[in-house]
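>>> Next input, structure requested:
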Amino acid sequence: MKALASRVILASGWQRALIGFAAGAAGALAMPPFGILPALAVSLTVAVWLVDGVRQEDEPDVLWERLAEGAVGTAVYGLIGIGLVLLGFKAFDTAAGRIGTLVCWDQWYPEAARLTALAGADVLFYPTAIGWHPAEKAETGAAQVSAWQTMQRAHAIANGVYVAAVNRVGHEGPAGGGLEFWGASFVCDPFGVVVAEASPSAEEVLVADVDLARQEDVRRNWPFLRDRRIDAYAPITKRLLVG
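Model (predicted):
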C-alpha cells in the first residue's frame with residue numbers, strides 16, 4: 001500500500017504536469033486555425049492518449065483513474081493559460097457587464113491587471129489554487145494570505161475595478177506534506193474594500209453585488225487611469241534596465 005501511494009503521488013505530480021503541458025500545447029496550436037472548442041477537444045484527446053500510453057498493465061484502476069483525472073485537468077488548465085498567452089489579456093462583454101479572466105500566477109502581476117482593465121473590464125476574475133506547504137504554515141502562513149489579499153485589492157484600487165479572487169479549499173498530497181489550500185475567496189470593490197469573503201476551509205458559493213455607479217464614483221475621485229504617464233512607461237517592456 002505504501003508503494004502504491006508513492007506511485008499515485010508521483011502520477012499526480014511531474015507525470016501529470018508533463019502530460020498536461022503536452023496536451024495543452026497541442027490544443028494551443030490548434031486554437032488559431034480552428035477556434036477554442038476544437039482546440040479543447042484536441043487537448044483532451046491528446047491527454048487521454050498520453051495517459052493510456054504510459055499506463056502499465058499491472059497498475060490498478062485507482063492509479064489509472066487518478067492519473068487520467070489529473071492529466072485531463074492539467075491539460076484543460078494548461079490550454080486556458082496558453083490560450084491567454086496567445087490571445088493576450090482580453091475583456092469580454094456578458095449580460096452582466098464586461099469582465100476579464102486571468103489565471104492563477106497572473107494575480108501577482110500589475111501589468112496583467114492593467115492591460116485587462118484598459119481593455120474595458122469592470123470585473124477581474126482570478127481563478128486560482130494557492131495554499132501553504134504544511135511545514136511553512138505556522139511561521140509564514142498568515143503573511144502569505146495577507147500578501148495574496150493585498151495584491152488583489154491593489155489591482156482593484158490601481159485600476160478602479162471589482163476583483164473576484166477565487167481560491168479552492170482542502171488538502172492535496174500526502175499527510176504532513178502536499179499543499180493545504182487556504183480558500184478565503186473574496187470580492188473587493190474598486191477601492192479595495194472587501195465586500196464578500198468565503199470560508200478558508202469549506203466549499204461555498206459566494207455572491208456579491210457589483211455596483212457600476214460605485215466604480216464610476218471611485219474613478220472620478222481617484223483618477224489613476226486618467227493620470228498615467230504613458231510617455232514615461234516604455235521601458236516596462238524590458239526584462240531589465242541595467243547593463
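>>> Three-state assignment for residue 100, please.
For residue 100, the reduced secondary structure class is strand; criterion used: DSSP: H, G, I helix; E, B strand; the rest coil.
>>> residue contacts, the closest residue to residue 149 other than its chain neighbours?
Once flanking residues are discounted, residue 149 sits nearest to residue 186: 7.0 Å by CB to CB, 6 or more residues apart in numbering. Every residue, glycine included, has its C-beta placed from N, CA and C. Contact criterion CB atoms under 8 Å, 6 or more residues apart in numbering gives 149, 152, 164-165, 194, 196-198, 206 as the residues in contact with residue 186.
>>> Ramachandran coordinates for residue 186?
With angles defined as degrees, to the nearest 10, residue 186 sits at phi -150, psi 160.
>>> one step back: selection in ChimeraX covering whichever of the contacts of residue 186 are buried, please.
Of these, the buried ones can be selected in ChimeraX as follows, counting by 16 or more other CB atoms under 10 Å:
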select :149,152,164,165,194,197,198
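>>> all strands of the protein, in order?
Remark: strands assigned in the chain by DSSP state E are 92-94, 97-101, 123-128, 131-132, 162-167, 169-172, 179-182, 186-188, 194-197.
>>> Could you export the ones you listed as JSON lines, including mean pLDDT?
Supplementary listing: these in JSON lines, determined by pLDDT from 0 to 100:
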{"stretch": "strand 92-94", "mean pLDDT": "89"}
{"stretch": "strand 97-101", "mean pLDDT": "90"}
{"stretch": "strand 123-128", "mean pLDDT": "92"}
{"stretch": "strand 131-132", "mean pLDDT": "90"}
{"stretch": "strand 162-167", "mean pLDDT": "94"}
{"stretch": "strand 169-172", "mean pLDDT": "90"}
{"stretch": "strand 179-182", "mean pLDDT": "90"}
{"stretch": "strand 186-188", "mean pLDDT": "95"}
{"stretch": "strand 194-197", "mean pLDDT": "95"}
